[in-house]
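[1] here you go, sequence then predicted model.
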Amino acid sequence: MKKLRILISAYACNPSGSLQLHPGEDLTGWMLAQQAARHHQVWVVTHSYNRPGIEGAEGFKERSNPRYVFVHLPRPFRWLYRFGIGERLYYYFWQIAAWRAAVRLHRQYRFDIAHHLTFGNYWMPSFIGAFLPIPFVWGPVGGGQKTPASLFNHYSLAGQFAEMSRELAQWLGRNVLYSRRRCLCRAKAILVCNAETKYQFPQTTWPRIVFFPVNGISAKDVAPSRRLRRASPFRILTAGRLIRLKGFDLCIEAFARLVEIHPDSRLEIVGQGPEKTRLRRLVKGMHLEEKVCFIPWLDRRLLLKRMRHSDVFLFASFRDGGGAVIVEAMASELPVVCLDTGGPGFHIREAWGMKIEVGSPEESIKGLARGLIALQEHPSLRIKLGRAAEKRAKEYYLWDVQGRRLDTIYQQTMGFKSISVSG
């Protein structure tokens, strides 16, 4: 296969993602850029906030591929980051600066393909993709998932306003931005991370759409055959930012119903965020203080270690686009119980987990509780699902596997062959 010159736009691209940056997108940008560089010559245009993490990465000085070009906006633009939608406005203006840098690079290196990696929002444009006159690959993108209507009133008034503002911003992006319409016309392949996002694109683009996850796992992070845990206590783990849309209160209420039948059970909640105080009050009000443990944010290595000492991973997010912790749980040989929405609904299938149909908060809680009870009462099912999950992680989510798929997409893009949508 021909070795190509690839220009990647990755606003978020950092091996040391943290809550202060963009943890999921940072890691995706970093890992997929590294994978592209295994097969091709790669240049990455990224934001300057990533420079310390990138240049501090192991082996950075010895590697000449990929090459990084750091771009930032003047200091006065930084005030935009002080409020929610301001971050997206900053990113929009950064795209213009990145495109100007890309034009200069293209004059020098004559790239074969432009690939927009991050941010991965289907409704935000890539100026590099829209206006650089070379074949364009877009994604993986998400954002098409929405909070199910039956759960909308579960938000606070501020949360409902935020959801409506998000939908308004998406509508404006889809229908107003000329640069976004150019992306639609020019993309030879559009990578999407869940089914809801695919259906936000016009049907005329579907032949160019490829299902491609925004999350992955390294071979060293896949669990070696785990020791069978002792039967008691039954340990449930959940993790993420403690915000309302992650549904941690649903997890607690589902756990409470499990405890009514199997009191020797434990729930660990890993994360931090504005909902922590409310969640602690909920636990106290249900007299579960001795059975529910709150653990501060953990880095991936420690979180994976804790997963391997758990029995089930519980995830009740209303609209996650990806769900990195789902993939990490699968790689840790954990069966997953989640709501059938967005990324989790894409990742989990009956052979290796339990997807709960979304209904009202009460119906969703009952479904989550039924899943937990079934896995507590049937250890053989738990083991079967966990092993199948780990097998799926190896076959589909290893970064090396995704790198090979990305190479195939590049080659198809250059040859204008039909794009496979399997996944």
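    Yep, that arrived. Numbers count the residues shown, from 1 in each chain.

[2] now the helix or strand harbouring residue 45, how far from the chain's geometric center?
    Here residue 45, judged by DSSP states H and E, is contained in strand 41-47. On the basis of C-alpha atoms, centre = their mean, to the nearest Å, strand 41-47 sits 21 Å off its chain's mean C-alpha point.

[3] I'd like to know how many residues surround the spatially closest residue to residue 385 that is not a sequence neighbour.
    Counting by C-beta to C-beta, 6 or more residues apart in numbering, residue 385 lies nearest to residue 335, which is 3.7 Å off, once chain neighbours are set aside. Backbone N, C-alpha and C define where each C-beta goes, glycine included. By other C-beta atoms under 10 Å, the residues close to residue 335 number 25.

[4] residue 335 contacts residue 390, correct?
    No: using C-beta atoms under 8 Å, residue 335 is not in contact with residue 390; the gap is 10.2 Å.

[5] one step back: identify the residues contacting the residue nearest to residue 385.
    If a contact means C-beta atoms under 8 Å, 6 or more residues apart in numbering, then residue 335 has 312, 313, 352, 353, 354, 375, 381, 382, 385, 386, 389 as its contacts.

[6] counting neighbours, which of these end up buried?
    Taking 16 or more other C-beta atoms under 10 Å as the criterion, what is buried in the contacts of residue 335 is 312, 313, 352, 353, 354, 375, 382, 385, 386, 389.

[7] among these, which lie within helices?
    The helices, defined by DSSP state H, take in 375, 382, 385, 386, 389 from the buried ones among the contacts of residue 335.

[8] same list (those) but as a markdown table, adding distance to residue 366 and pLDDT.
    What follows is those, written out as a markdown table (distance: C-beta to C-beta, whole Å; pLDDT from 0 to 100):
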| residue | distance to residue 366 | pLDDT |
| --- | --- | --- |
| 375 | 15 | 95 |
| 382 | 20 | 93 |
| 385 | 20 | 96 |
| 386 | 24 | 93 |
| 389 | 24 | 94 |
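
[9] in CSV: these, plus distance to residue 238.
    Shown next, in CSV, are those (distance: C-beta to C-beta, whole Å):
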residue, distance to residue 238
375, 14
382, 16
385, 17
386, 16
389, 16
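
[10] considering these, which is situated nearest to residue 219?
    Among these, residue 389 lies closest to residue 219 (C-beta to C-beta), at 16.0 Å.

[11] contacts only, for that closest one.
    Contacts for residue 389 (C-beta under 8 Å, 6+ apart) come out as 329, 330, 331, 333, 334, 335, 336, 352, 353.

[12] and it, how far from residue 150?
    Separation of residue 389 from residue 150 (C-beta to C-beta, to the nearest Å): 27 Å.

[13] please apply the same query to residue 90.
    34 Å.

[14] out of those two, which sits in the busier spot?
    Legend: neighbour count by other C-beta under 10 Å for residue 90 and residue 150, higher for residue 90 (18 against 15).

[15] buried residues in the helix or strand hosting the more buried one?
    With elements taken from DSSP H and E, the one containing residue 90 is helix 84-109. Neighbour-count burial for helix 84-109 flags 88, 90-92, 94-95, 97-99, 101-102, 105-106 (criterion: 16+ other C-beta under 10 Å).

[16] got the contact list for the residue nearest in space to the middle of the chain?
    Taking C-alpha atoms, centre = their mean, the centroid of the chain lies closest to residue 322, which sits 3.1 Å from it. Applying C-beta under 8 Å, 6+ apart to residue 322 gives the contacts 24, 28, 142, 193, 194, 213, 214, 215, 342, 343.

[17] among the residues you listed, who's most crowded?
    Among the contacts of residue 322, residue 193 has the most neighbours (other C-beta under 10 Å), with 31 neighbours.
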